[in-house]
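> Could you work out the structure for the sequence below:
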Amino acid sequence: MRVSALDFDLPESLIAQTPLEDRSASRLLHIPLDGSQFEHRTFRDLPSQLREGDLLVMNNTRVSAVRLFGAKPSGGKVEVLVLRNLGEPGTFEALVKPARRLKAGSSIEFDTFSAQVEAELPGGKRMLRVALSDLRKIEDAGKVPLPPYIRTELKNAERYQTVYSRSPGSAAAPTAGLHFTQDLLAKIREIGVRTAEVTLDVGLDTFRPMAVDDPAEHVMHGETCQLDERAKDAIETCQGRIIAVGTTSARTLESFAIGRRRMSTGSKTTSIFITPGYNWQVVDGMLTNFHMPRTTMLLMVSALSGPERLMAAYAEAVRLRYRFLSFGDSMLVL
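Sure thing, here's the model as predicted:
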């Protein structure tokens, strides 16, 4: 298939700019895999769609990247996205703008501290060094690294984290899980649905549209993921359906599959690219938000639902004014 087969017109007014006050109040569009009609519900109705013995697999990564605004000594403005600690105290991997003007040896001045550009890294990134005494100031000054299509400042930073986030390392949230509350998870477990956790550190490349029309020509980015013995046991002993909460969880599950519901464990960098025609080894269903056109996530969801059926669902979501993208509504393919 061609990537253009999944193009659609997304009105800017449907891109959610703020999260709902109640996480579970978002709408839920159900695409039944038996071919029956789409169903329109709210996310808090999810327990009625699940059965005893089902397994929900969630990505427990936590957004640890922060966005900083500073200036060069000359006064030119600088934007910095601190991605991760590089192991040595005070050194960080970061994206900087304008990158071409920030070579090794440059300094960046923030309101209460400064950073030095130690080296240029692959992909236009930089190694920054901050004085150990200033490490806490990064967290204090940092802003939530919201996607560029969200232009409204987030008042509560925890609303860009899932309620089960615990493993730092992501530059963006696994947004399919933002709809869960602890109360809703408790109700789901009460009906005999089990939960398991995996980790995939979400990178910025996840959201970039594909520049080619032939998926075979797309070079898939890599992301670090982990799956432990507890998750392996939950998957291999599951008597019901395995439902991935988000494309990142689905990507992790299929990356560690060594057969039908047979798993390996450990940590790896995955570059798996799931497109229509893929033979799913673990995932029977998926919870996911509504995505941008021409993204790898859209291709992955269409590999489960079927491209034509997914596009019909998206057309209905646009017609009924569902909220799209990170703070938007949810879709259940099951």
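> In the protein, what helix or strand scores lowest on average pLDDT?
helix 135-141 (a mean of 89; mean pLDDT, DSSP states H and E).
> can you list the residues that contact that helix?
66, 68, 82, 89-90, 92, 110-113, 130 (Cβ atoms under 8 Å, 6 or more residues apart in numbering). C-beta coordinates here come from the backbone N, C-alpha and C atoms, glycine included.
> what's the farthest-apart pair in these?
Pairwise distances across the contacts of helix 135-141 peak at 22.1 Å for 89 and 111 (criterion: Cβ to Cβ).
> Can you list the strands that the helix or strand hosting residue 92 pairs with?
For residue 92, the host element (DSSP states H and E) is strand 91-97. Strand 91-97 pairs in its sheet with strand 77-85 (antiparallel), strand 125-130 (antiparallel), by DSSP bridges.
> can I get those in CSV with mean neighbour count, distance to residue 103 and mean pLDDT?
Shown next, in CSV, are these (neighbours: other Cβ atoms under 10 Å; distance: least, Cβ to Cβ, whole Å; pLDDT from 0 to 100):
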stretch, mean neighbour count, distance to residue 103, mean pLDDT
strand 77-85, 18, 13, 92
strand 125-130, 20, 9, 95
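> just to revisit the earlier point, now flag whichever of the contacts of helix 135-141 is closest to residue 195.
Ranked by distance to residue 195 (Cβ to Cβ), those are led by residue 66 at 28.9 Å.
> The closest residue to that closest one other than its chain neighbours: what's it in contact with?
Leaving aside its sequence neighbours, residue 66 sits nearest to residue 142 (Cβ to Cβ, 6 or more residues apart in numbering; 2.8 Å). The neighbours of residue 142, taking Cβ under 8 Å, 6+ apart as the test, are 66-68, 82.
> got JSON lines for these, with distance to residue 3 too?
Listed next are those as JSON lines, based on distance: Cβ to Cβ, whole Å:
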{"residue": "66", "distance to residue 3": "33"}
{"residue": "67", "distance to residue 3": "30"}
{"residue": "68", "distance to residue 3": "35"}
{"residue": "82", "distance to residue 3": "32"}
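> just the buried members of those residues?
Neighbour-count burial (16 or more other Cβ atoms under 10 Å) applied to the contacts of residue 142 gives 66-68, 82.
> tell me the two of those that are most distant?
The farthest-apart pair in the buried ones among the contacts of residue 142, when distances are taken by Cβ to Cβ, is 67 and 82, at 7.8 Å.
> picking that back up, strand partners (parallel or antiparallel) of the helix or strand following the least confident helix or strand of the chain?
Note on helix 135-141: by DSSP H and E, the next helix or strand toward the C-terminus is strand 167-170. In the sheet, strand 167-170 lines up against strand 61-63 (parallel) (DSSP bridges).
> What lies in contact with the strand it pairs with?
Contacts for strand 61-63 (Cβ under 8 Å, 6+ apart): 144-145, 160-161, 165-174, 199-202, 248.
> From residue 96, how far off is the residue nearest the centre of the chain?
By Cα atoms, centre = their mean, the chain has its centre lying nearest to residue 174, at 3.0 Å. Distance of residue 174 to residue 96, computed by Cβ to Cβ, to the nearest Å: 25 Å.
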